[in-house]
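Asker: Below are the sequence and a predicted model for it; my questions follow.
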Amino acid sequence: MERLTIRLKIDPGEALLSLIHRAAKANGIKFLTLLNMLKRNKYRMHSGDSHKIDIFPESVLDVKKVSYILGLEESEIKRASFTNVLRSFKGSSKEVHCRFLNGIIRDHLFYCRDCLSNKMVLNLMWKVKGVDTCLIHKRKLSNECSNCRNELLIKDTNQIGICPYCKYCFNKRNINPILVSDDHFKLQTRIQSDWHTIIRGLINKELNEKEIAIRVLYVLGGKEETFCKLKILTLLEDTKLIHLLQIARGTMKKRTIDFKTLSDYLTEKSTSITEFLLMKVPPDFTLSLDSNRVKMEITACSAPWCENFDVNNSLVQTTSKNVRKKVEVLKRYYICPACGCEYATNKKNELVERSYFINAYKVLSNRSVSTLTWMEREKVFGLKRNKIIRIQAYFYSRALFIDLINESKYSVEANLLESVKISIRNGEAIYTIRHWEKWRSEEEYLLYRYHPQIIFEIFKERYKFLPRQG
Ligand SMILES: [Zn+2]
Ligand SMILES: [Zn+2]
Ligand SMILES: [Zn+2]
């Protein structure tokens, strides 16, 4: 085994495969010949194996040989590949290393022509799906040959910067670059710095599958202190949730969560991979994943008219700090997505209503208020007039107690209901909707505001929930 006469320095951010290509050229030997000097087992390497080199060099190369022949530190080899990413996230999964990163690593070349015109070196970061901008030149990466327009498959590459199909050389500056907006540049800077951190192994942390599953559930649940199944079910199919729970509870050891799935979850909840690695999950959260505990903490909506009435786990935990009166210490806050009633648990762990509809329901079940004056109604409900107007609208839009409260002059029109819904989806504030000119009165607005469909729409918008799939 001989060292190469000319041993090149690896560039910052350069991919191992790129260095091997450059080293072959500098020493006047064929790329495949050099690859076969570095290979791990007795089988001949062919260009189809080359994409594995940047993912996990150990799978095909003898790292000791690579280190000696090319004159590289072993830590440099790791940083020029996705080895550190695998180390942090793969757990004890038996899956082939390269498969673990399926859907994350590109099999064809993305490159910056201006970078290549300076130096024929390929950046490892360009292989990550989602990375599309050169941060040095502030422009979009190319993903095809600028001459023959073919995608450049990595396994077909013979020499860096030369199209394997038409032999065009990318050593000239890009005269028609696609520039990127400031916002896109910022986003790419964030994404790439996140990847930079894990590729270089700057956070020395290896998570096992159990830890990964617990963190994923914590992130998906909006980092609440306890696990809420229903909240996660608005994001995930139940089979996927059950799978995650089994891994988190350690009742299923075999499969791990592949990186693409993990990364989709994190993107969904705007959490960086770095943050995920550094995250501290409160011990209470981990305890609440225990199946026995989950059963103990069942919460059900207690609004008699609600479809979730007495349905276990029908409430969603919220972080609402919107406490109106501090008469007693409240611990956890909940909302029912179906009827909009809000709850909290008190010191004794009892569920108490924070909104005032259930109480009003009890009042209206016992007596009619239609003939009462406002003062008398305030006394009966124990609430101010503005709240009573809301209560009336709330029940009126559900066709409840219509003859017991003042009959409404207005009715709900489908088109108008739809436009309220769309405005909420587009992020329009309730306050703005309330002041629309088309409302003939506050009473008319309230009929829509408390309509079941609008209650659910506001709920989804407020907690950024996606409608459940399937
Ligand atoms: Zn560049
Ligand atoms: Zn070409
Ligand atoms: Zn309810």
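Answerer: That came through, no problem. Ligands and ions are numbered 1, 2, ... in the order given.
Asker: Tell me the predicted confidence for residue 197.
Answerer: Looking at residue 197, its pLDDT reads 95.
Asker: OK, contacts around it?
Answerer: By CB atoms under 8 Å, 6 or more residues apart in numbering, residue 197 lies in contact with 203, 273-274. Just so you know, the C-beta spots here come from the backbone N, C-alpha and C atoms, and that holds for glycine as well.
Asker: change it to 10 Å
Answerer: 84, 203, 272-274, 277-278 (CB atoms under 10 Å, 6 or more residues apart in numbering).
Asker: Buried residues of the helix or strand hosting residue 388, list them for me.
Answerer: Assigned by DSSP states H and E, residue 388 belongs to helix 385-396. Buried residues in helix 385-396, counted by 16 or more other CB atoms under 10 Å: 387-396.
Asker: picking up where we left off before, going by distance to residue 368, which of the contacts of residue 197 wins?
Answerer: residue 272 (57.8 Å; CB to CB).
Asker: any weak-confidence spans in the protein?
Answerer: 93-96, 98, 253-254, 291-298, 320-328, 464-470 (pLDDT under 70).
Asker: got the residues of it near ligand 1?
Answerer: Contact residues (CB under 5 Å from the ion) of the chain with ligand 1: 112, 114-115, 134, 136-137.
Asker: ChimeraX command for the buried members of the residues you listed?
Answerer: A single ChimeraX command selects the buried members of those (16+ other CB under 10 Å):
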select :112,114,115,134,137
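Asker: Keep only those of the residues of the chain next to ligand 1 that are in helices.
Answerer: Members of the residues of the chain next to ligand 1 lying in helices (criterion: DSSP state H): 114-115.
Asker: want to try CSV for the residues of the chain next to ligand 1, with distance to residue 375 as columns?
Answerer: Below are the residues of the chain next to ligand 1 laid out as CSV (distance: CB to CB, whole Å):
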residue, distance to residue 375
112, 75
114, 77
115, 77
134, 72
136, 73
137, 73
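Asker: Just name the closest of the residues of the chain next to ligand 1 to ligand 2, please.
Answerer: Taking CB to the ion as the measure, residue 112 is the one of the residues of the chain next to ligand 1 closest to ligand 2, at 16.9 Å.
Asker: my guess is that closest one contacts residue 120, does it?
Answerer: No - the pair residue 112 / residue 120 is not scored as a contact, 11.9 Å apart, by CB atoms under 10 Å.
Asker: what is in contact with these two at once?
Answerer: The contact lists of residue 112 and residue 120 share residue 170, where a contact means CB under 10 Å, 6+ apart.
Asker: For the spatially closest residue to residue 177 that is not a sequence neighbour, which residues are in contact?
Answerer: Sequence neighbours aside, residue 139 is the residue nearest to residue 177 in space, at 4.1 Å (criterion: CB to CB, 6 or more residues apart in numbering). Listed by CB under 10 Å, 6+ apart, the contact partners of residue 139 are 112-114, 132-133, 174, 176-180, 185.
Asker: List just the nearest of these to ligand 1.
Answerer: Closest to ligand 1, out of all of the contacts of residue 139 and judged by CB to the ion, is residue 112, at 3.1 Å.
Asker: Name the nearest residue to the closest one, sequence neighbours excluded.
Answerer: residue 134 is the one closest to residue 112 (CB to CB, 6+ apart), at 3.6 Å.
Asker: residues from the stretch 151-300 of the chain in reach of ligand 2?
Answerer: Looking at ligand 2, the residues of the stretch 151-300 of the chain close enough under CB under 5 Å from the ion are 163, 165-166, 168.
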